[in-house]
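Participant: show me the folded form of this:
(2 chains)
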There are 2 protein chains.
Amino acid sequence: MNRQFARRMERFQASDLTPILKAAANPEVISFAGGLPAPELFPVEEYKKIAAAVLDKDGRRALQYSSSAGHLPLRQKVAERTGRLLKAPLTADNIVITTGSQQSLDILAKMYINEGDCILCESPTYLGALSAFNGCLPSYREVETDDEGMVIADLERALATEKRAKLIYVIPDFQNPTGKTWSLDRRKRFMETVSQHDVLVIEDNPYGELRFEGTSPDSLKSMDRKGQVVTLGTFSKIFAPGLRVAWVCADPEFLTYFCNLKEAADLHTSTLSQYEIDAFLASYDLDAHVERLITVYRERRDIMVEAMAEHFPKSVTFTRPEGGLFTWATLPEKVNARQLFVKALEKKVAFVPGGAFYPNAGRENAMRLNYSNMPPERIREGVGRLGEVMKAYL
Amino acid sequence: MNRQFARRMERFQASDLTPILKAAANPEVISFAGGLPAPELFPVEEYKKIAAAVLDKDGRRALQYSSSAGHLPLRQKVAERTGRLLKAPLTADNIVITTGSQQSLDILAKMYINEGDCILCESPTYLGALSAFNGCLPSYREVETDDEGMVIADLERALATEKRAKLIYVIPDFQNPTGKTWSLDRRKRFMETVSQHDVLVIEDNPYGELRFEGTSPDSLKSMDRKGQVVTLGTFSKIFAPGLRVAWVCADPEFLTYFCNLKEAADLHTSTLSQYEIDAFLASYDLDAHVERLITVYRERRDIMVEAMAEHFPKSVTFTRPEGGLFTWATLPEKVNARQLFVKALEKKVAFVPGGAFYPNAGRENAMRLNYSNMPPERIREGVGRLGEVMKAYL
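Facilitator: Presented below is the predicted three-dimensional model:
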């Protein structure tokens, strides 16, 4: 049959992620490609107790349909926790539960983007967000980005020239893919600039709690004076990603519209998962759990950075993130990381080639490396292999 | 801030469902409005055992990210079960797990619909599907529908005149909202007609297993010779809707494209829920569970139909469904069920006014009534109240 696909399918012909995830799934491969938390730190025993308690106490309700906005007690707890983290006063009315932040991105694009409207993003930016946005056929304007965040002069240029700019997508804390964090000064200047335009800001914050050292600069949300910033949070990195439970934080009126689209997308997020996470938050200390993650991830970051310094050629530079899951290595300008990826796979080590993180293509001489998902000895072994591949290839 | 919403938001200003769900949530109201299964039949104790066993055996994997297509053992079991039900040979390659069938509908519209493309549907049709489709800004052509299914002459007219027809959406078994089932002859003629066009058929089948009497006519899928039919199934009505686990059944090549959009929508469906349902299917007899549902729902259908015959004015007609969750009552032509709904709520009884099920608006003299969600005495009491409201109003 001749399939009469919609135009947007041109952007979904082949996912850059697919071969990478496949390669990463081979247990012989040391994969720095994913963004997976360390499964040995999942609170499995605690979850088992919680699951039994929820089914005993609320089984019928927890297995039934529920509201699109989410389970109210969970929204209250998320509001309290997120308000503390973002330094912004929040109530349950500011929170809607979503099926992972991926869904929040999909819905926000639907809310704002007509075909050809423009999304401003960091350069590079998170490729999963691009994939969520692509369904609405936007154009992208990458804003020059340095070690402190978006370069304000280029942001101003972009806002002046892109008449159809509707959304700005940023990850100010431990950015995916670079691991960089925006400075406080840059955040302030960013908010001053964008507040002069009717453009929505998505502040994606999956890693903010995973800070290994130093203190967090204030969130964009805390500087928001006109309901312009929507902040995304998730249980994926601080609890368990397999549950697909995240949240969007915004004005109540905005969330009414958001909820109508959420209902159209999947009615609501798993009732049972929401009851379970709510019970976990009531019975256990998530902050203490996050502290355990930080201790382990900090050690892995240290080992990764040390190993890269030891094994990578001197012409390769890399970031030393203060938190989160990723480091970003930059190769000499002429080197193509997609070609290097093929060589690396032969030596059974994987990463994500950097080109995938630039929506308008171009820069291919970088790679994203994850350090959260494996024990120290495998990090050392993998970086060693990668260093050999680089030395042979450069 | 001036919100620069996308055009599609015009279709999401206010959901018809929202006030109805709110009204239904008041425990004093006897609500025939929802489509909720009976919570007292959820296998809560069995689920508790399963949850503990899954976390013991596979905790780390079950809480981790997983593949967009779904958990392979679950896909295998769904293929075997669905193949039997649809009388079509299926393997895991024909199945992708989704976050409720609502998500399948959202993704299928994204795959096919450019703004202004046409979707053909029964008249009336399921309003949740319209809400999923609306994000892609389709036009709708309602095809005349009688007691045996779509009227073929009108379907032929629609296919001849709607040059931008891309999708046909149908629920041949215990249709939502009417409760009607297509005859075998109509199914055959439908497939003969559509097979002459490059149009995708969505066969939505959430209720097919809940047959109270008689035998099921062959599925559209079983008559599909060119990969034209995509059939949707779900655990919501035969197991538990709160888990949001459903599936789409199609050709492997088609599902590759589908999966790319599924990944963009929410990465994957809850890993834990998939492991748990898979373990339930391995350890318990879902067929026996469905038999228990059938016994209870059949009794409720009988009581509903008897009570309507006794209490409704003679000018009101209604369907006697052979399965599923809904009956459909038709009022005299001049009566507006939305106005009747307001009166009914005053008497603390609710239903869904029929107008919501017609995408192009028009017919307001009908209502959808659910009988699965409450015990016999409440069905009798509610139908009694509704009868009084009707008699006072007509």
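Participant: what's the mean pLDDT across stretch A:336-346?
Facilitator: Averaging pLDDT along stretch A:336-346 gives 92.
Participant: stretch A:255-271 too?
Facilitator: On average, stretch A:255-271 scores 97.
Participant: what's the distance between it and the middle of its chain?
Facilitator: 21 Å (Cα atoms, centre = their mean, to the nearest Å).
Participant: partners of the strand or helix carrying A:Val96 in the sheet?
Facilitator: Using DSSP states H and E, A:Val96 sits within strand A:95-98. Paired neighbours of strand A:95-98 in the sheet (DSSP bridges): strand A:246-249 (antiparallel).
Participant: is any part of the following helix or strand past the partner strand close to chain B?
Facilitator: Later in the chain than strand A:246-249, the nearest helix or strand by DSSP H and E is helix A:252-266. Yes - Helix A:252-266 reaches chain B (Cβ under 8 Å from any Cβ of the partner chain) through A:Phe254, A:Tyr257, A:Asn260, A:Leu261, A:Glu263, A:Ala264, A:Ala265, A:Asp266. C-beta coordinates here come from the backbone N, C-alpha and C atoms, glycine included.
Participant: ok, the closest residue to A:Ile107 other than its chain neighbours - contacts?
Facilitator: Ranked by Cβ to Cβ, 6 or more residues apart in numbering or on different chains and with sequence neighbours excluded, the top spatial neighbour of A:Ile107 is A:Leu261, at 4.8 Å. Neighbour list for A:Leu261: A:Ile107, A:Lys110, A:Met111, B:Phe12, B:Gly135 [criterion: Cβ atoms under 8 Å, 6 or more residues apart in numbering or on different chains].
Participant: 10 Å instead?
Facilitator: Contacts for A:Leu261 (Cβ atoms under 10 Å, 6 or more residues apart in numbering or on different chains) come out as A:68, A:103, A:106-108, A:110-111, B:8-9, B:12, B:15, B:106, B:131, B:134-135.
Participant: again with A:Pro217
Facilitator: So A:Pro217 contacts A:87, A:148-149, A:172-173, A:181-188 (Cβ under 10 Å, 6+ apart).
Participant: can you list these in a markdown table and add secondary structure, pLDDT and distance to A:Phe32?
Facilitator: Below are the contacts of A:Pro217 laid out as a markdown table (DSSP: H, G, I helix; E, B strand; the rest coil; pLDDT from 0 to 100; distance: Cβ to Cβ, whole Å):
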| residue | secondary structure | pLDDT | distance to A:Phe32 |
| --- | --- | --- | --- |
| A:Lys87 | coil | 90 | 33 |
| A:Glu148 | coil | 98 | 26 |
| A:Gly149 | strand | 98 | 25 |
| A:Pro172 | coil | 98 | 23 |
| A:Asp173 | coil | 98 | 21 |
| A:Thr181 | coil | 98 | 20 |
| A:Trp182 | coil | 98 | 24 |
| A:Ser183 | coil | 98 | 27 |
| A:Leu184 | helix | 98 | 30 |
| A:Asp185 | helix | 98 | 32 |
| A:Arg186 | helix | 98 | 28 |
| A:Arg187 | helix | 98 | 29 |
| A:Lys188 | helix | 98 | 34 |
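Participant: now do the buried residues in the helix or strand A:Asp302 falls within.
Facilitator: Secondary structure assignment for A:Asp302, by DSSP H and E: helix A:286-311. For helix A:286-311, burial by neighbour count (16 or more other Cβ atoms under 10 Å in any protein chain shown) applies to A:286, A:289-290, A:293-294, A:296-298, A:300-301, A:303-305, A:307-308, A:311.
Participant: what does stretch A:324-338 give?
Facilitator: Applying 16+ other Cβ under 10 Å to stretch A:324-338 flags A:Gly324, A:Leu325, A:Phe326, A:Thr327, A:Trp328, A:Ala329, A:Thr330, A:Leu331, A:Val335, A:Ala337 as buried.
Participant: endpoint to endpoint, stretch A:207-214 covers what distance?
Facilitator: 15 Å (Cα to Cα, to the nearest Å).
Participant: tell me if it is near chain B.
Facilitator: No - judged by Cβ under 10 Å from any Cβ of the partner chain, stretch A:207-214 and chain B are separated, with a smallest distance of 15.2 Å.
Participant: chain center to stretch A:112-125, what's the gap?
Facilitator: 16 Å.
Participant: near chain B at all, it?
Facilitator: Yes - against chain B, stretch A:112-125 shows contacts by Cβ under 10 Å from any Cβ at A:Tyr112, A:Ile113, A:Asn114, A:Glu115, A:Asp117.
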